[in-house]
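> any chance you could fold what I've pasted below:
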Amino acid sequence: MSTPALVGKENANGTVTAIYVHFDGYLSGVGESLQRDYRSDAAVDRLLALGNLSTLVDEVKPYGGDDEAAASYEDGADYTSQPVAWGAEYLYLWQGGAWHY
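Numbering: from 1, shown residues only. Alright, predicted model coming up:
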């Protein structure tokens with residue numbers, strides 16, 4: 001069983017770039033990892049550049065599921081072509097130098 005999440009950053013132009021994380025998306029999983037390990041714009045950018053992930057709790061592991069989508073999601077995109085995004089139970093947004101969920 002998984003608890004999927006989307007992890008994103010608000011861009012300067014108001015769009016959002018995000019990646020999918022398949023496992024441990026809850027606050028004490030992905031949320032805690034983000035608060036601990038990704039506390040700057042540069043760190044968040046490096047995380048998003050990795051693309052979709054299976055997990056980022058205890059290790060960062062690329063996503064290898066059947067619905068893997070290499071491209072990151074941006075606000076206004078046609079999400080119907082990326083069904084993996086719809087299963088997210090948690091959403092995390094880096095905005096204004098802080099994490100919001």
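> and the longest helix for the protein?
helix 41-49 (DSSP state H).
> just the buried positions in it, please.
44, 47-48 (16 or more other Cβ atoms under 10 Å). C-beta here means a position set from N, CA and C on the backbone, and glycine is covered the same way.
> likewise stretch 3-20?
Buried-residue list, stretch 3-20, by 16+ other Cβ under 10 Å: 3-10, 16-20.
> quick one on the thing from earlier: looking at the buried residues of helix 41-49, which is nearest Lys61?
Closest approach to Lys61 among the buried residues of helix 41-49 (Cβ to Cβ): Leu47, at 12.8 Å.
> list the contacts of the closest one.
If you count contacts by Cβ atoms under 8 Å, 6 or more residues apart in numbering, Leu47 has them with 7, 19, 38, 56, 60.
> what about it, distance to Ser33?
Relative to Ser33, Leu47 is positioned 10 Å away (Cβ to Cβ, to the nearest Å).
> again with Ala12
For Ala12, the distance to Ser33 - Cβ to Cβ - is 25 Å.
> same check, this time on Ala43
For Ala43 relative to Ser33 (Cβ to Cβ), the value is 11 Å.
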